[in-house]
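Engineer: give me coordinates for this.
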Amino acid sequence: MKQYLNKFIAILMIGLSMFSCMSKPNSEKVDKRPNIVFIMADDLGYGELGCYGCSDIHTPNLDNLATEGFRFTDFYANAPVCSPTRAALLTGGYQQRLGMDDALYYQEMGRGLKVDGETIANALKSVGYTTGVFGKWHVGYDFERRPLQQGFDNFFGILGGNHHYFEHMDRIGVYDLWSGNDTIIRKGYTTNLITEEAIEFIENNKEHPFFLYLSHLAPHFPYLGPNDKEKDVRPNHKSWQQEKDPQTYISMVEYMDSEIGRVLEKIKNLGLSNRTLVVFTSDNGGAHYAPYNRNAPFTGYKASLWEGGIRVPCIASWHGVLPAGEVTAQVGITMDWSSTFLRLANFDAKYEKEDGINLMPILLGDKPEQERTLFWRIKSGPVRKTSPEYWAVRDNSWKLLIEKAENNNRFLFDLKADPGESNNLIEEHPEIADRLVKQLRIWEESVDCDTIVYHN
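Structural biologist: Numbering: from 1, shown residues only. Predicted coordinates for the structure are as follows:
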């Protein structure tokens, strides 16, 4: 009897030991200094990936990334246009703190990131990361606002918002392809060129932590696929923006997916998958003038604060750390990734006016999903006039949208019941609208100043 009792106790102890290992928080698996790869598409709509329900565009590499990690259903860009979203990523706070309500115009000087400010690249460098950005910058033309002056060790790409994918000049005819602080002449399709540079960066830094910001131009206009070198697309001409062939757009997205696949394969082949967090998202929704523009199931497009302009695809994968095949309804926004990356890098310095949250404890299951209140505003810049002007606030499932026009149009939606924003509840729930307006005013007062500072 004693023999059987001892055997039972031994089996019980083994079982308890296994249960103890299984029940440990997922955060114990986290390498505090992982490689970070942040991939951002340009003007990619919410519904333009297979994993988001698209059947017309084949994106096997991004679909597989979602299968291996998390797919967000309620993720937002910080703005419905390019520059503000990118500024929020790089500073970790609302872009309004920098006066960045709208996108920089071609060759616009004197605006963008702070010339004496610091970015997430500075912060990560201070704790031993090598930093590189490849692709679109669009947060400052001035020398002091360029990547190497904003914390990045490596830069290859464009300073502006878009350029000809083969001839590499911007829409007003200025050549825009850079390596570091110097222009560089290089033949090839831009999506491929920045991929080659990103892969070389990974190879060169495989032995120590790195931050790779892969900032794709695709599928932003001009609409040129990898086989469209001979297509007549000229500066200051309607051909730059008014391509009507959906297949051109599809080829741009599919080629971007294949090039992202090459980057992911390099990470895998170098044995870096277990210590590399990969995030993919878009800087805003699809444009109304694009030949494909699928923001389904949402209303609206780029440059508006309807869901189609700001809700974007987002995927996060980290082999062996994040669970695979998960879908989360956690409300997130671009600047959250800045906060997340800093915490993963064990950045312990003081961080003032950090507007994002650390998403990692939620994805790891260490914390429940959080309720969020997020704000948006788009207003005219000094060069280009934006009309109309918009404000929006999402508080849990309620969203208030204000369009500045003669009648100051207001819309109130319950996004949980009505994600397509088809049923305006402003008359049924005026008290909710009034509460959200007050929240919006308090937020505007808090961000219309320049207060984001990293302190080492």
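
Engineer: which stretches of the stretch 101-250 of the chain form helices?
Structural biologist: 120-126, 190-204, 246-269 (DSSP state H, counting those that start in this stretch).

Engineer: do you know which of the ones you listed lies nearest residue 343?
Structural biologist: Shortest distance between residue 343 and these, using Cβ to Cβ, is found for helix 120-126: 11.0 Å. (Glycine included, C-beta is placed from N, CA and C.)

Engineer: quick one: low-confidence parts of the chain?
Structural biologist: Filtered on pLDDT under 70, the chain yields the residue ranges 1-32, 349-352, 384-387, 405-407, 449-456.

Engineer: so what are the domain limits for it?
Structural biologist: Listed by automatic domain parsing, the domain ranges of the chain are 28-371, 375-455.

Engineer: now do the helices in the stretch 351-456 of the chain.
Structural biologist: In the stretch 351-456 of the chain, helices defined by DSSP H, counting those that start in this stretch lie at 360-363, 430-447, listed in chain order.

Engineer: now what about the last one, what contacts it?
Structural biologist: Meaning helix 430-447. With contact meaning Cβ atoms under 8 Å, 6 or more residues apart in numbering, helix 430-447 is reached by 93-94, 96-97, 373, 375, 377, 391, 393, 395, 398, 400, 402, 410, 412, 425-426.

Engineer: which of those residues count as buried?
Structural biologist: Neighbour-count burial (16 or more other Cβ atoms under 10 Å) applied to these gives 93-94, 96-97, 375, 377, 391, 393, 395, 398, 400, 402, 410, 412, 425.

Engineer: so which of those belong to strands?
Structural biologist: 375, 377, 391, 393, 395, 398, 400, 402, 410, 412 (DSSP state E).

Engineer: and those residues, which is closest to residue 242?
Structural biologist: residue 377 (29.1 Å).

Engineer: could you give the bridge partners of that closest one?
Structural biologist: residue 391 (DSSP bridges).

Engineer: phi first, then psi, for the residue most central in space within the chain.
Structural biologist: Note on the chain: the residue nearest the mean C-alpha position is residue 281, at 4.3 Å, using Cα atoms, centre = their mean. Main-chain torsions, residue 281, degrees, to the nearest 10: phi -160, psi -170.

Engineer: dig out what the nearest residue to it once chain neighbours are set aside forms beta bridges with.
Structural biologist: Excluding its sequence neighbours, the residue lying closest to residue 281 (Cβ to Cβ, 6 or more residues apart in numbering) is residue 314, at 4.3 Å. When assigned by DSSP bridges, residue 314 has beta-bridge partners residue 72, residue 281.

Engineer: of the helices of the stretch 351-456 of the chain, flag the one that's most buried.
Structural biologist: Highest mean neighbour count of the helices of the stretch 351-456 of the chain: helix 360-363, a mean of 21 (counted as mean count of other Cβ atoms under 10 Å).

Engineer: pull the residues that contact it.
Structural biologist: Contacts of helix 360-363 (Cβ under 8 Å, 6+ apart): 27, 30, 70, 316, 322, 326, 328, 330, 340, 343-344, 367-370.

Engineer: of those, buried ones?
Structural biologist: Buried by 16+ other Cβ under 10 Å: 30, 70, 316, 322, 326, 328, 330, 340, 343, 344, 367, out of the contacts of helix 360-363.

Engineer: residue 185 and residue 326, how far apart?
Structural biologist: Residue 185 sits at a distance of 45 Å from residue 326 (criterion: Cβ to Cβ, to the nearest Å).

Engineer: ok, now which ones touch residue 369?
Structural biologist: With contact taken as Cβ under 8 Å, 6+ apart, residue 369 is in contact with 328, 329, 330, 362.

Engineer: narrow the residues you listed to those in strands?
Structural biologist: Per DSSP E, the contacts of residue 369 map to strands at residue 328.

Engineer: so what's the residue count around residue 348?
Structural biologist: Burial of residue 348 is recorded as 10 neighbouring residues (other Cβ atoms under 10 Å).

Engineer: on that earlier part again, ok, which of the helices of the stretch 351-456 of the chain comes nearest residue 177?
Structural biologist: helix 430-447 (34.1 Å).

Engineer: how far off centre is the closest one?
Structural biologist: Centre-to-centre, helix 430-447 and its host chain are 26 Å apart (Cα atoms, centre = their mean, to the nearest Å).

Engineer: same question for stretch 141-154.
Structural biologist: 20 Å.

Engineer: straight-line length of that stretch, end to end?
Structural biologist: Terminal residues of stretch 141-154 are spaced 16 Å apart (Cα to Cα, to the nearest Å).

Engineer: any idea how far stretch 369-384 is from the middle of the chain?
Structural biologist: On Cα atoms, centre = their mean, the centre of stretch 369-384 falls 15 Å from that of its chain.

Engineer: if you could redo that for stretch 103-120, that was the one I meant.
Structural biologist: That offset, for stretch 103-120, works out to 18 Å (Cα atoms, centre = their mean).

Engineer: same check, this time on stretch 288-300
Structural biologist: With Cα atoms, centre = their mean, you get 18 Å for stretch 288-300.

Engineer: for the residue nearest to the centre of the chain, give its distance to residue 71.
Structural biologist: Counting by Cβ to Cβ, the gap from residue 281 to residue 71 is 11 Å.

Engineer: and what of residue 149?
Structural biologist: In terms of Cβ to Cβ, residue 149 sits 36 Å off from residue 71.

Engineer: please spell out which residues along stretch 345-363 are buried.
Structural biologist: In terms of neighbour count (16+ other Cβ under 10 Å), stretch 345-363 has its buried residues at 345, 347, 351, 353-363.

Engineer: between the two ends of that stretch, how far is it?
Structural biologist: End to end - Cα to Cα - stretch 345-363 spans 17 Å.

Engineer: repeat that for stretch 42-61.
Structural biologist: For stretch 42-61, the end-to-end distance is 17 Å (Cα to Cα).

Engineer: what's the offset of it from the middle of its chain?
Structural biologist: That offset, for stretch 42-61, works out to 15 Å (Cα atoms, centre = their mean).

Engineer: next: stretch 81-100.
Structural biologist: 11 Å.

Engineer: could I get the CA-only coordinates of stretch 415-434 as CSV?
Structural biologist: What follows is stretch 415-434, C-alpha atoms only, in CSV (Å, rounded to 0.1, in the frame of the first residue of the first chain):
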residue,chain,number,x,y,z
LEU,A,415,-19.5,51.0,-33.3
LYS,A,416,-20.2,47.7,-31.6
ALA,A,417,-23.7,47.6,-33.1
ASP,A,418,-23.0,49.7,-36.2
PRO,A,419,-19.3,49.4,-37.4
GLY,A,420,-20.4,50.7,-40.8
GLU,A,421,-21.5,54.0,-39.2
SER,A,422,-24.9,54.0,-41.0
ASN,A,423,-27.2,54.9,-38.0
ASN,A,424,-26.6,58.4,-36.6
LEU,A,425,-27.7,58.4,-32.9
ILE,A,426,-27.0,62.1,-32.2
GLU,A,427,-30.7,62.9,-31.5
GLU,A,428,-31.4,59.7,-29.5
HIS,A,429,-28.4,60.2,-27.2
PRO,A,430,-27.6,63.9,-26.9
GLU,A,431,-26.1,63.4,-23.4
ILE,A,432,-23.5,61.0,-24.7
ALA,A,433,-22.6,63.4,-27.5
ASP,A,434,-22.3,66.3,-25.0
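
Engineer: that'll do, ta.
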